[in-house]
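Q: Need coordinates for the following:
(3 chains)
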Amino acid sequence: MSSPSKAAPARKPRAGRPPSAPLAATVTPAQAHLASVRGPLLDWYDRNKRDLPWRRTRDSYAIWLSEVMLQQTQVSTVIPYWERFLARFPTARALASAPLDDVLAGWKGLGYYSRARNLHRAAQEVVARFGGTLPSTAAELLELPGFGRYTAGAVASIAFGEEAPLVDGNVARVFSRIFEVEGLPGDRQREATLWALATALVKGERPGDFNQALMEHGATTCRPENPLCLLCPVRGACVAFRKGRVDELPPAKVRATPKKLTLAVAVWPHAGTLLFARRADAGLFGGLWELPAAEIADDAPDSEARARLSAALGVDVTLEGALGTVKRQLTHRDLSLRLLRVSGPRRPASTPAFQELRWCAPDDAEKLGMSTAMQRALDIALGAGVLPGG
DNA sequence: CACGCGTGGAC
DNA sequence: TGTCCAAGCGT
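A: Numbering: from 1, shown residues only, chains lettered A, B, ... in the order given. The predicted structure is shown next:
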C-alpha cells in the first residue's frame, strides 16, 4: 500500500516569475524550477493515480515483477499477466526453483522473452546470494540479470524507499518538455541531462511515489500525442508549453524498416501428436518451443522449403501439402510462417538444428512456452484437421 | 553506440 | 490497414 500523502502541496510560482523571496538568497533559478515541479507532481499523483494492482503491495518481489513486465509493455497488457504469474510463482524462491520451461510458459504471449530468462536467473541469484530477498539498493540491484539503470532505480525507490533516480520513455518526454531538453533519443548529452534532472528531483519525501508520479504523468497527461496540457499540474513551469513547443519535444526516434523473415514450418502429425522443437536460447523467440521451423527465401518454392526442413530435422521429409501462411509484424521483423504438412520415414529424437525435439498432443502443447506467431500457426494447423478428432 | 528483441492498443 | 509506439536490457 502506498503511504498516504503527508507532504503539504508546494505552491508553484507562476510562469515566468523569479523564485519567491524565501528561496531567492540560496537557490538558483534552476533549482527553483526543479522545486516548482516536485511538489505539484507528487500532489497531483496522490489525487489522480490509477489503482494498479502492484500499487497495492509492498512485496519487493511483486514490485520487481511488475517493473520487468512493464518494460516496453503497456499497463493494460501487463495486469492479467502479473496476476497470473504471481499466483503461479508467488515468491522469488518459488520462481528460482521452477523449471525455465514453466517460467517461459507463464510469459507466453507477453513478448521480449529474454526478460523471463533474466528474471529466472536473477531469482536464482537472489536465493543463492541474498537468502531469497532482493537487495535494497539500486547499486546492488544493478548487478542482477535484467536490471538496468531504470529497473534498479524503480525497484530501489518504489520497494525500498531509496532516493534512486529513474528515466524511462515517459520521464524523458516529461523532462524534455518541462525543461526543454534537446537532442534525439540515445544522444549522450541528452541522456546525461535527463539523468541529472531525475537525480536532483528524486531527492526528498517519498522518492518511489515521486518517480511513479513522473511516469504516471507522462503516461496519462504528458502523452506523446495530444497531451492534456490544460489539465497539467506543472503547466506553469513547462518551458515547452510557454514556447509552444510541446508537439515538437521530444523528437521522434527514427525507426529502421523491419526486415523480412520467412520461415518454413513443419506440421508433422503422428499418433495424435505433433512434432515440436525448442529454439536456441539466444535470438528471436529464444528458448521457446515451436513447430520445427527453418528460414527460407521469401520467394522460395515449396521444394526448397522441404529441403530446408529436411536438413534441419536430419530426416528426409515428404511434403504432404500446404496449410497456409501466418503473417506477423514485429517491431523489427516482418515475419511470415509458411505452414507445410510433412511426413517422414522415421521420427527424429534429436537433430543438430534444435536443442530438443518433443512429440506433443495439443493439450501438452498448451503448457509450452511459445510465441504468439507460433501459437497462431498451431491453431491453424489444428483447425485444418491435421490430427484426428482435432 | 547501434542493433536485436514481441506484442497489442491507439488513432 | 498502416503506423507508431510503451514503465529497457544485453551485447
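Q: now residue A:166: how far from DNA strand B?
A: 18 Å (Cβ to the nearest atom of the strand, to the nearest Å). Where you see a C-beta, it was placed from the backbone N, CA and C, and this is true even at glycine.
Q: Does that residue belong to a helix, a strand or coil?
A: Under DSSP: H, G, I helix; E, B strand; the rest coil, the three-state class of residue A:166 is coil.
Q: For it, what are phi and psi?
A: phi -150, psi 150 (degrees, to the nearest 10).
Q: and if you look at residue A:73?
A: Dihedral angles (degrees, to the nearest 10) for residue A:73: phi -140, psi 140.
Q: can you pull the contacts of it?
A: A:110, A:111, A:112 (Cβ atoms under 8 Å, 6 or more residues apart in numbering).
Q: Going through those residues, which ones are buried?
A: Among the contacts of residue A:73, the ones that count as buried by 16 or more other Cβ atoms under 10 Å are A:110, A:111.
Q: Out of the contacts of residue A:73, which sit inside helices?
A: Among those, no member falls in helices (DSSP state H).
Q: And the contacts of residue A:73, which is closest to residue A:225?
A: Nearest to residue A:225, judged by Cβ to Cβ, of those is residue A:111 at 22.6 Å.
Q: Next one, pLDDT for that closest one please.
A: At residue A:111, the pLDDT value in this model is 96.
Q: Residue A:8 now?
A: 32.
Q: same deal with residue A:164?
A: 97.
Q: What distance do you get for it to DNA strand B?
A: Taking Cβ to the nearest atom of the strand, one finds residue A:164 at 22 Å from DNA strand B.
Q: Against residue A:212, how distant is that residue?
A: Per Cβ to Cβ, to the nearest Å, residue A:164 is found 13 Å from residue A:212.
Q: Those two: which has the busier surroundings?
A: Shown here are residue A:164 and residue A:212; by other Cβ atoms under 10 Å, residue A:164 has more neighbours (25 against 21).
Q: Make sure I have this right: residue A:305 is in a strand.
A: No. Judged by three-state DSSP, residue A:305 forms no part of a strand; its state is helix.
Q: quick one: pLDDT of it?
A: pLDDT, residue A:305: 97.
Q: circling back: just give me the closest of the contacts of residue A:73 to DNA strand C.
A: When the contacts of residue A:73 are ranked by distance to DNA strand C (Cβ to the nearest atom of the strand), residue A:112 comes first, at 5.2 Å.
Q: nearest spatial neighbour of the closest one, skipping sequence neighbours?
A: residue A:72 (6.3 Å; Cβ to Cβ, 6 or more residues apart in numbering).
Q: Might one say that that neighbour is in contact with residue A:78?
A: No. The criterion here is Cβ atoms under 8 Å, and residue A:72 misses it with residue A:78 at 10.6 Å.
Q: out of those two, which sits in the more crowded spot?
A: The neighbour comparison of residue A:72 against residue A:78 (other Cβ under 10 Å) goes to residue A:78, with 22 against 11.
Q: Spit out the contact partners of the more buried one.
A: Contacts of residue A:78 (Cβ under 8 Å, 6+ apart): A:66, A:69, A:70, A:110.
Q: Report the buried members of the residues you listed.
A: A:66, A:69, A:70, A:110.
Q: Pull out whichever of those are also neighbours of DNA strand B.
A: When contact is defined as Cβ under 7 Å from any atom of the strand, the buried ones among the contacts of residue A:78 meet DNA strand B at residue A:110.
Q: Which single one of the buried ones among the contacts of residue A:78 is nearest to residue A:28?
A: Of these, the one sitting nearest to residue A:28 (Cβ to Cβ) turns out to be residue A:70, at 34.9 Å.
Q: which ones are touching the closest residue to residue A:337 other than its chain neighbours?
A: Leaving aside its sequence neighbours, residue A:337 sits nearest to residue A:326 (Cβ to Cβ, 6+ apart; 4.1 Å). Applying Cβ under 8 Å, 6+ apart to residue A:326 gives the contacts A:335, A:336, A:337, A:339, A:373, A:376, A:377, A:380.
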